[in-house]
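Participant: Predicted model and sequence follow; I will ask about them next.
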Amino acid sequence: MFKLISDTSCDWVKDYADEHDVTLVPLYTTFDGHTYYKEQFEISYDEFYKKMTDENAFPKSSLPSIQDYVDAFMPSVEAGIPIICCCITTFFSGSYNSACSAKDMILEDYPDAKITVINSLQNSASMSLFVYEAMCMRDAGYSYEEAVKKLEALRPYGRIIFTTESLDYLTKGGRLVRTAAMITSKLSLRPIIIMKGGEISVGGFFRTRKKAKAKVERWNGIALSAAKQSKRSIQPEVTEVMTFKQALEYAGKLDKLLLPYECAEGMEKTRKVIEEIGHGESVGIFIGPEGGFDRSELDEAVNAGCEIITLGKRILRTETAGMMLLSVLMYNMEE
């Protein structure tokens, strides 16, 4: 038996949380920088979105206070009930730090209290599922220790994939770089947003079929001009946007597939792989998004014949990693 506590990033309405004996600790929201509302206690989700749409207001959030967590923990601590507290990813908020500080304060007076604070690496929908899993474990009779172990193991696997008409709110809130927003605006694209590992990134783009065709024609025109300018005899073909799985299938006809990965080790292996690429061989290079490839994508790539390589100790951005690897290949393969 254990007490389950979560901050309001799980998007559970208070009535539902109360019904299932889950204590919510509110994040704070402000629209004017002065008046702060406790989520789900002083402002509902409907009221929140109504302010955004009707008043064109840009909200800012603030973490729960240490005292908020102390107040949530104490009833269970005094009753001798172990606590599991799930917090929003630390990339988005300091809620986890507040909860840890509250835990440390309580342990000074109650050294035998059992309190586990988990940085879930989740937010919103995936956080909701994370808390739901914890609730199911509690209701199924899992012990405090068993639940903690399983929840810690679940943390890296949550993912949200969604799209939006605009990246304005994500860029204003600092969740996404302005470059991504500028690209989508200039190219009339709608972004596919991916949140995994606690971070958020643009995983791809899409548009209507008619606009997509026109853009591809324009990109190929630019590629032709660039090929002429650099005196290339072969014009690179720019295709339409495709999924990762489609890209792996498309690249199956190439002689060698390379995938730089930030966690790969062994520069000697990378040198050997590149040195073995012969003159005239075709090479496919897979560059991941800002958030990087996840384990399932790496497994797919390896099964498709990709060589996982490293580009060194430094983690490069999406727009520079490809250029860096191309430079290495050109130096190694030119006769």
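Facilitator: Nice, I can see it. Numbers count the residues shown, from 1 in each chain.

Participant: How much space separates residue 242 from residue 249?
Facilitator: 9 Å (C-beta to C-beta, to the nearest Å). C-beta coordinates here come from the backbone N, C-alpha and C atoms, glycine included.

Participant: ok, which stretches of the stretch 201-335 of the chain are strands?
Facilitator: 256-260, 283-285, 306-309 (DSSP state E, counting those that start in this stretch).

Participant: May I see the ones you listed arranged in CSV, with mean pLDDT as well?
Facilitator: Output for the strands of the stretch 201-335 of the chain, formatted as CSV (pLDDT from 0 to 100):
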stretch, mean pLDDT
strand 256-260, 91
strand 283-285, 91
strand 306-309, 90
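
Participant: Tabulate the ones you listed (TSV), appending distance to residue 71.
Facilitator: TSV is the format used below for the strands of the stretch 201-335 of the chain (distance: least, C-beta to C-beta, whole Å):
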stretch	distance to residue 71
strand 256-260	48
strand 283-285	53
strand 306-309	48
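
Participant: Can you lay out those as JSON lines showing distance to residue 4 and mean neighbour count?
Facilitator: As requested, those are arranged in JSON lines below (distance: least, C-beta to C-beta, whole Å; neighbours: other C-beta atoms under 10 Å):
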{"stretch": "strand 256-260", "distance to residue 4": "39", "mean neighbour count": "21"}
{"stretch": "strand 283-285", "distance to residue 4": "45", "mean neighbour count": "18"}
{"stretch": "strand 306-309", "distance to residue 4": "39", "mean neighbour count": "20"}
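
Participant: right, and the ones you listed - which one's nearest residue 13?
Facilitator: In terms of C-beta to C-beta, the element of the strands of the stretch 201-335 of the chain nearest to residue 13 is strand 256-260, at 42.5 Å.

Participant: Nearest residue to residue 275 in space, please, no chain neighbours.
Facilitator: Nearest non-adjacent residue to residue 275, counting by C-beta to C-beta, 6 or more residues apart in numbering: residue 332, 6.7 Å away.

Participant: Kindly state the domain boundaries assigned to the chain.
Facilitator: 3-27+63-157, 161-206, 208-241, 242-333 (automatic domain parsing).

Participant: Would you point to the one among the ones you listed that's packed deepest?
Facilitator: Mean neighbours per residue, mean count of other C-beta atoms under 10 Å, is largest over the domains of the chain for domain 3-27+63-157, with a mean of 18.

Participant: gap between it and the chain center?
Facilitator: Domain 3-27+63-157 sits 21 Å away from the centroid of its parent chain (C-alpha atoms, centre = their mean, to the nearest Å).

Participant: quick one: low-confidence ranges for this protein?
Facilitator: 165-189, 203-212, 233, 291, 335 (pLDDT under 70).

Participant: quick one: the helices in the stretch 201-335 of the chain?
Facilitator: 209-229, 244-250, 267-275, 295-303, 318-333 (DSSP state H, counting those that start in this stretch).

Participant: can you list those helices in JSON lines and add distance to residue 84?
Facilitator: Shown next, in JSON lines, are these (distance: least, C-beta to C-beta, whole Å):
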{"stretch": "helix 209-229", "distance to residue 84": "47"}
{"stretch": "helix 244-250", "distance to residue 84": "35"}
{"stretch": "helix 267-275", "distance to residue 84": "41"}
{"stretch": "helix 295-303", "distance to residue 84": "25"}
{"stretch": "helix 318-333", "distance to residue 84": "36"}
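
Participant: out of those, which comes closest to residue 83?
Facilitator: Using C-beta to C-beta, the nearest of the helices of the stretch 201-335 of the chain to residue 83 is helix 295-303, at 30.5 Å.

Participant: which residues make contact with the closest one from outside it?
Facilitator: With contact meaning C-beta atoms under 8 Å, 6 or more residues apart in numbering, helix 295-303 is reached by 156, 244, 245, 248, 257, 259, 261, 286, 288, 293, 308.

Participant: how about those, which pair is most distant?
Facilitator: Counting by C-beta to C-beta, the most remote pair of those is 156 and 257, 25.1 Å apart.

Participant: Just confirm residue 10 contacts residue 133, I think it does.
Facilitator: No: look at residue 10 against residue 133 with C-beta atoms under 8 Å: they stay out of range, at 11.2 Å.

Participant: tell me, what's touching these two both at once?
Facilitator: Common neighbours of residue 10 and residue 133 (C-beta under 8 Å, 6+ apart) do not exist.

Participant: Report the beta-bridge partner residues of residue 6.
Facilitator: Applying DSSP bridges to residue 6 gives these bridge partners: residue 24, residue 86.

Participant: ok, so what distance separates it from residue 121?
Facilitator: 14 Å.

Participant: again with residue 192
Facilitator: Residue 192 is 20 Å from residue 121, by C-beta to C-beta.

Participant: and what of residue 72?
Facilitator: Taken as C-beta to C-beta, the span from residue 72 to residue 121 is 21 Å.

Participant: and what of residue 103?
Facilitator: 19 Å.

Participant: same thing with residue 234?
Facilitator: On the measure of C-beta to C-beta, residue 234 and residue 121 end up 44 Å apart.

Participant: and if you look at residue 160?
Facilitator: Distance of residue 160 to residue 121, computed by C-beta to C-beta: 11 Å.

Participant: try residue 261
Facilitator: Residue 261 sits 19 Å away from residue 121, going by C-beta to C-beta.
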